[in-house]
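Asker: turn this into a model:
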Amino acid sequence: MIKLQIVGNLGKDCIIKDVNGKNVINFSVAHTERYKDAQGNPKERTTWVECAYWTDKTAVGQYLKKGQMIYAEGSPEADPYTNKDNQPAATLRMRVQNLQLLGSANKDGNTNEGSNTGNVTNSGYNTPPVVKTLQSAPPISMDDDLPF
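Answerer: Numbers count the residues shown, from 1 in each chain. Reported below is the predicted structural model:
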C-alpha cells in the first residue's frame with residue numbers, strides 16, 4: 001500500500017457531490033516549495049493535489065474554503081496526460097482517508113496558524129472548532145498470522 005500525506009492550503013472552496021447515493025467532498029490542495037537553484041537564485045515550485053473525500057460527514061465542507069490549511073492522507077494515483085505544449089504531464093489525485101483542519105481561513109483566504117485544528121463540530125456559538133480527526137475507513141487489523 002502506498003500512502004500519501006500532505007499539508008497545504010485549499011486552492012478554492014470544496015465541492016460536495018452526491019454520487020450514486022454516496023457523498024464525496026472534492027477539493028484541491030497546493031503546497032509551494034521554496035528553494036535556491038545551483039546559482040543561488042530563489043525559486044518556487046507549487047504542487048497541486050486533487051482530493052476526493054468519500055464521507056457521510058459533509059458538515060466539514062462548510063470549513064473547507066479557499067486558503068484553509070489542511071492535513072490529509074490517503075491513497076495516491078497519477079493520471080497522465082499531454083499538456084497544451086504537447087509535453088507529457090500528470091495530475092496527482094488522492095482518495096482521502098484522514099482529514100484534519102489546520103488553522104482557519106480568513107475572509108481574504110489567508111490562514112491563522114495556531115488556532116484550533118481538527119474536524120469542525122460547532123456548538124452554535126462563535127467559538128473555535130473542536131479538535132477531532134475525520135476518518136472515512138477503519139484501520140485494517142493485521143494481528144494474526146504474522147511470520148515474525
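
Asker: from now on I want contacts and neighbour counts done on CA atoms only, so please keep to that.
Answerer: Fine.

Asker: so residue 43 makes contact with residue 34?
Answerer: Yes. If you go by Cα atoms under 8 Å, residue 43 and residue 34 touch, sitting 5.8 Å apart.

Asker: give me the low-pLDDT residue ranges for the chain?
Answerer: Flagging of the chain using pLDDT under 70 yields the residue ranges 104-148.

Asker: what sits up against stretch 2-9?
Answerer: Under the criterion Cα atoms under 8 Å, 6 or more residues apart in numbering, residues 29-31, 66-76, 94 lie in contact with stretch 2-9.

Asker: just the buried ones from those?
Answerer: Neighbour counting with 16 or more other Cα atoms under 10 Å marks 29-31, 66-74, 76, 94 as buried within the contacts of stretch 2-9.

Asker: what's the burial count for residue 52?
Answerer: Applying other Cα atoms under 10 Å, we find 21 residues neighbouring residue 52.

Asker: which residues in this protein form strands?
Answerer: Taking DSSP state E as the criterion, the chain carries its strands at 4-10, 15-19, 22-36, 42-54, 69-82, 88-102, 104-105, 111-112, 134-135.

Asker: so for the third one, what gets flagged as buried?
Answerer: In other words, strand 22-36. Of the residues in strand 22-36, 23-31 count as buried by neighbour count, 16+ other Cα under 10 Å.

Asker: what's around residue 17, how many residues?
Answerer: The number of residues packed near residue 17 is 14, by other Cα under 10 Å.

Asker: let me see the contact set for it.
Answerer: Listed by Cα under 8 Å, 6+ apart, the contact set of residue 17 reads 23-26.

Asker: just flag the most distant two among these.
Answerer: Using Cα to Cα, those reach their maximum pairwise distance at 23 and 26, which is 9.8 Å.

Asker: any shared contact partners between those two?
Answerer: Counting by Cα under 8 Å, 6+ apart, the common neighbours of residue 23 and residue 26 are 16-17.

Asker: what about the closest residue to residue 71 other than its chain neighbours, neighbour count?
Answerer: What sits nearest to residue 71 in space, not counting adjacent residues and going by Cα to Cα, 6 or more residues apart in numbering, is residue 7, at 4.5 Å. Residue 7 has 16 neighbouring residues, counting by other Cα under 10 Å.

Asker: if anything else comes up later, I'll come back, but that's it for now.
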